[in-house]
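> Sharing a model that was predicted from the sequence below.
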There are 2 protein chains.
Amino acid sequence: MYDVHLSTGYGAPVADQARRVPLNRDRVLAAAVGLADAAGIESLSMRRLAQELGVVPMALYKHVSDKDALLDGMVDAVLGEIEPGAPGADWRAAVQQRVLGARRAVLRHPWARRAIESRTSRTPVVLDHMEALAAAFRAGGFSADLTHHVMHTLGNRIWGFSPELFDAPHDPAAPAPGPAEQEARAAEFGRRFPTILEIAVAATRGDLGAVGGGCDEQFEFEFALDLLLDGFERLRDQGWTSAGDPRRGGV
Amino acid sequence: MYDVHLSTGYGAPVADQARRVPLNRDRVLAAAVGLADAAGIESLSMRRLAQELGVVPMALYKHVSDKDALLDGMVDAVLGEIEPGAPGADWRAAVQQRVLGARRAVLRHPWARRAIESRTSRTPVVLDHMEALAAAFRAGGFSADLTHHVMHTLGNRIWGFSPELFDAPHDPAAPAPGPAEQEARAAEFGRRFPTILEIAVAATRGDLGAVGGGCDEQFEFEFALDLLLDGFERLRDQGWTSAGDPRRGGV
DNA sequence: TTGACAGGTGTACGTCGTACACCTACCGTC
DNA sequence: GACGGTAGGTGTACGACGTACACCTGTCAA
């Protein structure tokens, strides 16, 4: 569990000197990603990360300017895993490949979704992904104008995830209610929120016990993606322009 | 600036006793919302909030179980502002009214967007909104099945916002680059990300200086909402079911 | 030989959330 | 009128956290 580097006093002890590999930004980021994967993003602290690397907390600041930059770097590392997609594909396949590739990368790291949402900086890696998507639309005959709005419409789905609407990650620490109370709750729920209940029943095909298991996120994601791409295609074929859009008061 | 309640020692001083209104959950939440509105969500701490209320930090814990619950309560307070919408409207108008109403509420509080994204708990207020939306779809002839997927597709847009894709809130503390450097950066940007540049030019109608100002979020939001509602309508009219969807391996 | 520098170290500060023990005014019950 | 419970306030203290700052040390070029 504990690393060898437990020396007190300045500098690395002579015994370790030979075998110590100097830290660098990539090793720091990799360790941070690994720690977040294993222990959750909420237990990723500079101190904990330093400990994991056998180093004093302040050593990290030689490679990463602050914790925000660390998070940015981690997100970059994840997004760097996105496969570029086959070159010959038509626009629709190209977009799907890119987006579903991003999804695979993000799903590999449970914390990535949340981290991406909370970041706002447009690093080169982020811009690369956006550029590739935008270029796919342009190559598919979309105007720059339409491409812009279409990217906005995709929103965070360009990163391969949609927000979790229904499945509250239920607290495992909460005491399990008895079956009687459970039934009473369900009844009360059905009275106040009949449509949501109806939807849940439909979604689980009657097996309401499975509600806690959440929806089929992959299906929901692809459903929405296809719906959007269909809509985009239709607008393109109609020759849509923002100047001609009634919301812009055009025509 | 400072409140009168500066006494040391236990209990409220006798002089104040008559005029002190006891705290309650609603007053705590209102103060928290006000503080977040005025000073930003990042400077909302239990200590600061207590100070604002002329009270010791621990006093808050008599009304709110912890900071997470405080945040939940604040989000609830904002969502409670959503107007229900006119009763006679057809499904499409009902959805639009509800969603654009949510948008107005969220836009009143700059922190709300981020707070909603980071919350996962489904409070009654949250469920009320979802129930109203789902009911509107059902009343419009959508199957429970389709309603479910359609709500997923709307995603966070049911709260009236879409993720900020393009407009990085640029750091006001950053030193402004000289015009020469600015031009060099733009050139480098255009080389690496030509399509994004092209889109930005189209979006700002050539006035690239306006890029920092961000996109017209309201337009983007309504554009996406209409695109989605059109798609939903089409699926409904086609009699779509998830069992018949090729992704589900049906039919 | 020297001296700059990259990369590590230790200490210290201010801030945070909150557990815990406490006190006190008020209320209904005897 | 005494009394006990409870709602709502208080003070202290603890263990995190991020990070500024001063420091040391081995390496390598001049």
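Sure, I can see it.

> hey, which helix is longest across chain A?
If you go by DSSP state H, chain A has its longest helix at helix A:217-237.

> who does that helix touch, helix- and strand-wise?
Other helices and strands packing on helix A:217-237, by 3 or more C-beta pairs under 8 Å, 6 or more residues apart in numbering or on different chains; DSSP states H and E, are helix A:91-107, helix A:144-154, helix B:144-154, helix B:217-237. Any C-beta I mention is one placed from the backbone N, CA and C, and that applies to glycine too.

> Could you dump the ones you listed into JSON lines with mean neighbour count and mean pLDDT added?
Formatted as JSON lines, those follow (neighbours: other C-beta atoms under 10 Å in any protein chain shown; pLDDT from 0 to 100):
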{"stretch": "helix A:91-107", "mean neighbour count": "19", "mean pLDDT": "98"}
{"stretch": "helix A:144-154", "mean neighbour count": "23", "mean pLDDT": "97"}
{"stretch": "helix B:144-154", "mean neighbour count": "23", "mean pLDDT": "97"}
{"stretch": "helix B:217-237", "mean neighbour count": "18", "mean pLDDT": "97"}
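
> Ok, which of the ones you listed comes nearest B:Glu183?
Closest to B:Glu183 of the helices and strands packed on helix A:217-237, according to C-beta to C-beta: helix A:144-154, at 21.7 Å.

> what packs against that closest one?
Of the remaining helices and strands, those touching helix A:144-154 by 3+ C-beta pairs under 8 Å, 6+ apart are helix A:124-139, helix A:217-237, helix B:194-203, helix B:217-237.

> low pLDDT regions in chain A?
In the predicted model of chain A, residues A:1-20, A:167-177, A:208-213, A:249-251 satisfy pLDDT under 70.

> on that earlier part again, can I get the helices and strands packed on helix A:217-237 in CSV with distance to DNA strand C?
As requested, the helices and strands packed on helix A:217-237 are arranged in CSV below (distance: least, C-beta to the nearest atom of the strand, whole Å):
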stretch, distance to DNA strand C
helix A:91-107, 28
helix A:144-154, 34
helix B:144-154, 31
helix B:217-237, 29
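
> Minimum distance to B:Gly85: which of these has it?
Here helix B:217-237 is closest among the helices and strands packed on helix A:217-237 (C-beta to C-beta), at 14.5 Å.

> Compute the inter-axis angle for the closest one and helix B:124-139.
Here helix B:217-237 runs at an angle of 50 degrees relative to helix B:124-139 (axes from the mean of the first three to the mean of the last three C-alpha atoms, to 10 degrees).

> Now helix B:217-237 - C-alpha only, CSV.
Extracted C-alpha coordinates of helix B:217-237, given in CSV (Å, rounded to 0.1, in the frame of the first residue of the first chain):
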residue,chain,number,x,y,z
GLU,B,217,-28.7,31.3,-27.1
GLN,B,218,-32.4,32.0,-27.3
PHE,B,219,-32.5,31.4,-31.0
GLU,B,220,-30.4,28.2,-30.7
PHE,B,221,-32.7,27.0,-28.0
GLU,B,222,-35.9,27.6,-29.9
PHE,B,223,-34.3,26.2,-33.1
ALA,B,224,-33.5,23.0,-31.4
LEU,B,225,-36.8,22.8,-29.6
ASP,B,226,-38.8,23.2,-32.8
LEU,B,227,-36.6,20.7,-34.6
LEU,B,228,-37.2,18.2,-31.8
LEU,B,229,-41.0,18.8,-31.6
ASP,B,230,-41.2,18.4,-35.4
GLY,B,231,-39.4,15.1,-35.1
PHE,B,232,-41.6,13.9,-32.3
GLU,B,233,-44.7,14.8,-34.2
ARG,B,234,-43.6,12.8,-37.2
LEU,B,235,-42.9,9.7,-35.1
ARG,B,236,-46.3,10.0,-33.5
ASP,B,237,-48.0,10.2,-36.8
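
> Would you mind giving the orientation angle of that helix with respect to helix B:194-203?
Orientation check (the same axes, to 10 degrees): helix B:217-237 against helix B:194-203 gives 100 degrees.

> Run the angle between helix B:217-237 and helix B:91-107 for me.
With the same axes, to 10 degrees as the basis, helix B:217-237 and helix B:91-107 are set at 150 degrees to each other.

> what residues does helix B:217-237 touch?
A:149, A:152-153, A:155, A:227-228, A:230-232, A:235, A:242, A:245, A:247-248, B:92, B:95-96, B:99-100, B:103, B:137, B:140-143, B:146, B:150, B:153-154, B:157, B:160-162, B:164 (C-beta atoms under 8 Å, 6 or more residues apart in numbering or on different chains).

> ok, now stretch A:117-132?
Contacting residues not belonging to stretch A:117-132 are listed as A:71-72, A:75-76, A:79-80, A:82, A:84-85, A:98, A:102, A:151, A:156, A:158-159, B:114, B:117-118, B:163-165, B:168-169, B:192-196 [C-beta under 8 Å, 6+ apart].
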